[in-house]
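**Q** okay, here's the prediction I keep looking at, along with the sequence it came from:
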Amino acid sequence: MSQLFRSACQFSRPFFTQDFLRPLIVSNAFSTSSSREIQNITVYGSGLMGAGIVQVAAQNGFKVTMVDIKESLIEKGINTIKSTLKKQFKDDENKQKEVIESTLSNIQTSTDISKGAKDADLIIEAIVENIQTKHDLFRNLDNIAPQSTIFASNTSSLPIIEIANATKRGDKFAGLHFFNPVPRMKLVEVIKTEKTSDETYESLMEVSKKMQKTPVTCKDTPGFIVNRLLVPYLMEAVRLYERGDATSKDIDTAMKLGAGMPMGPFELSDFVGLDTLKSIVDGWKEKKSVDANLVASCKVLDNLVREGKLGRKSGEGFYKYPSK
């Protein structure tokens, strides 16, 4: 959830390889000031979440560098941004052109991990949900980014403090959890660890507002706010179905018409990705970070994932979807 909604957000792919994360030379010329206004943002990752974050930052006047390991991935990210902007102004071609040009003028791209970090006031990580890969990235970035640079992770399934521990700047490290699709979803969860400074927290709150988002605050607890409530809800829906108490279609209909949900739990699970849902549940269960009853296994979910029926992205999950 930077998988659930990141799921929605991103149907993940591996990001950095070991070759790409080669040791980087430390420069002594970087600024050591304790704070500065955030103007330059670097986003690592050009998937749905990364590209979305780049878009809303650039669209609201920030200078943004988007970094990924291949030009083809960056090109796909840029095309995603263009497509989204066209949809926002589909009835006004002149406005489309104007907004696309102004947004892209604020975006630079690179496949060089170090280039985007040297001048960044804020670095946002939106790569694969793997703790070791995130550690490798931030450990290298810690050596080259100015000491004043704030680091933020868009994860929704990993503890922020565990990622931050790969660096020597725990006071300048926090979670900045966007939701998919980023350009439309107004919420941002700002996650403050026990090491995050008030100055870092306030800077991230201000940046979120400048991106036209509504920030909320949460401690570094499993799932933060949204996913901590959402994942158990989705799993309870699966249990209801597994017991034979109601069909998936009737449960979805009931929650949409009776609780005002825009999507039913099975529609949402398929949209998010059943592998993503299972991964989050299994992770919480392994770490014993939430009540065991909330993350108890469901055979129907386990079987679907094992069979490769992962939801919309695979063409079948709880429902079947037409091939594109």
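**A** All right, it came through fine.
**Q** from now on I want contacts and neighbour counts done on CA atoms only, so please keep to that.
**A** Will do.
**Q** what residues of stretch 256-269 count as buried?
**A** Within stretch 256-269, the residues scored as buried using 16 or more other CA atoms under 10 Å are 264, 265, 266, 267, 268, 269.
**Q** that should have said stretch 295-311, apologies.
**A** Within stretch 295-311, judged by 16+ other CA under 10 Å, the buried ones are 295, 297, 301, 304, 305, 309, 310, 311.
**Q** and which of the residues you listed is nearest residue 284?
**A** Distance to residue 284, by CA to CA, is smallest for residue 295 among the buried residues of stretch 295-311, at 7.1 Å.
**Q** can I assume residue 230 sits in a helix?
**A** Yes. Assignment of residue 230 by DSSP: H, G, I helix; E, B strand; the rest coil places it within a helix.
**Q** can you report how many residues lie near it?
**A** Neighbour count for residue 230, taken as other CA atoms under 10 Å: 15.
**Q** ok, now how distant is it from residue 223?
**A** Separation of residue 230 from residue 223 (CA to CA, to the nearest Å): 9 Å.
**Q** ok, residue 164 to residue 126 distance?
**A** Distance of residue 164 to residue 126, computed by CA to CA: 14 Å.
**Q** those two: which is more packed in?
**A** More neighbours surround residue 126 than the other of residue 164 and residue 126, with 29 against 26 (other CA under 10 Å).
**Q** residues in contact with the more buried one?
**A** Residues near residue 126 by CA atoms under 8 Å, 6 or more residues apart in numbering: 43, 44, 45, 46, 49, 50, 153, 154, 155.
**Q** what's the closest of the residues you listed to residue 170?
**A** Out of these, the member with the shortest distance to residue 170 (by CA to CA) is residue 153, at 12.4 Å.
**Q** got a list of what that closest one touches?
**A** By CA under 8 Å, 6+ apart, residue 153 lies in contact with 124, 125, 126, 160, 174, 175, 176, 177.
**Q** mind redoing it with 6 Å?
**A** 124, 125, 175, 176 (CA atoms under 6 Å, 6 or more residues apart in numbering).
**Q** per-residue confidence at it?
**A** Reading off the confidence values, residue 153 has pLDDT 98.
**Q** considering the contacts of residue 153, which possesses the most neighbours?
**A** Neighbour counts for the contacts of residue 153 peak at residue 175, which has 33 neighbours (criterion: other CA under 10 Å).
**Q** follow-up on the earlier one: got the buried residues of stretch 295-311 as TSV, with distance to residue 144, pLDDT and secondary structure columns?
**A** Below are the buried residues of stretch 295-311 laid out as TSV (distance: CA to CA, whole Å; pLDDT from 0 to 100; DSSP: H, G, I helix; E, B strand; the rest coil):
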residue	distance to residue 144	pLDDT	secondary structure
295	40	90	helix
297	43	90	coil
301	43	98	helix
304	44	98	helix
305	40	97	helix
309	42	97	coil
310	39	96	coil
311	40	96	strand
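**Q** closest one of these to residue 95?
**A** Using CA to CA, the buried residues of stretch 295-311 come closest to residue 95 at residue 311, 35.7 Å.
**Q** hmm, that closest one is touching residue 317, no?
**A** Yes. If you go by CA atoms under 6 Å, residue 311 and residue 317 touch, sitting 3.8 Å apart.
**Q** report the set of residues contacting both of these two.
**A** Common contact partners of residue 311 and residue 317 (CA under 6 Å, 6+ apart): residue 270.
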